[in-house]
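Undergrad: predicted coordinates and the sequence they were generated for:
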Amino acid sequence: MEQSINLAINSLQHVGIPVTDIKVSEAFYKRLGFSNVMQSSFQYNGGTGTCMMMQRDAMIIEIYQMPDAELEDIRNRKNGHIDHIAFDVSDVDATFSLLKKEGFNVLEEAPVFLAFWKNGCRFFNITGPDGERLEFNQIL
């Protein structure tokens, strides 16, 4: 295995997610407590797309909608999507109950235990408007 290079990385800055309806995705992430802290249009292949930075505390998710001519590629994409984004939570059971009660599409029947870290962790996933998986994880 090759040695790690001496690269100064401070922390995860943001995760970019291509979406098919920026307004639907903005509303979804707002329900999770994120705020739109930056919005900009951009040019791509002669069309105009939209980018939003959704922030909650130190976490930032970039959602972006490509120009209309590019959306079919996003809808039909078989690879290149992010598998999941994991959020650290202090009480996975309370988080699970709240998101279930609020009608989010929760994938597991209950939080799942994994023998990761020193004492394990418990997690569950929800899906976003474009099928992106959002994991809520408590390290025990």
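TA: Arrived safely. Numbering: from 1, shown residues only.

Undergrad: could you use CA atoms for every contact and neighbour count after this?
TA: Fine.

Undergrad: so where's the protein uncertain?
TA: Within the chain, the stretches with pLDDT under 70 are 1-2, 5, 7, 9, 69-81, 83.

Undergrad: okay, buried residues for stretch 118-132 please.
TA: C121, R122, F123, F124, N125, I126, G128, P129, D130, E132 (16 or more other CA atoms under 10 Å).

Undergrad: how about stretch 90-101?
TA: Under 16+ other CA under 10 Å, the buried positions of stretch 90-101 are V92, D93, T95, F96.

Undergrad: now secondary structure and distance to M54 too, for those residues, in TSV please.
TA: Below are the buried residues of stretch 90-101 laid out as TSV (DSSP: H, G, I helix; E, B strand; the rest coil; distance: CA to CA, whole Å):
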residue	secondary structure	distance to M54
V92	helix	22
D93	helix	25
T95	helix	20
F96	helix	22
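
Undergrad: excluding chain neighbours, what is closest to the residue nearest in space to the middle of the chain?
TA: Nearest residue to the geometric centre of the chain (CA atoms, centre = their mean): I85, 4.7 Å. Sequence neighbours aside, L134 is the residue nearest to I85 in space, at 5.1 Å (criterion: CA to CA, 6 or more residues apart in numbering).

Undergrad: check contacts around the one you found.
TA: Going by CA atoms under 8 Å, 6 or more residues apart in numbering, L134 touches H84, I85, A86, F87, N125, I126, T127, G128.

Undergrad: apply 10 Å and report the result again.
TA: Shown in contact with L134 (CA atoms under 10 Å, 6 or more residues apart in numbering): 82-87, 106-107, 124-128.

Undergrad: could you pull out the helices in the chain for me?
TA: Here the chain has its helices, by DSSP state H, at 22-31, 71-75, 92-101.

Undergrad: what's the closest of these to Y44?
TA: Y44 lies closest to helix 71-75 among the helices of the chain, at 11.8 Å (CA to CA).

Undergrad: neighbours around V89, how many?
TA: 16 (other CA atoms under 10 Å).

Undergrad: so how far is T95 from it?
TA: Going from V89 to T95 by CA to CA, to the nearest Å gives 8 Å.

Undergrad: overlap of the contact sets of these two?
TA: Common neighbours of V89 and T95 (criterion: CA under 10 Å, 6+ apart): F123, F136, N137, Q138.
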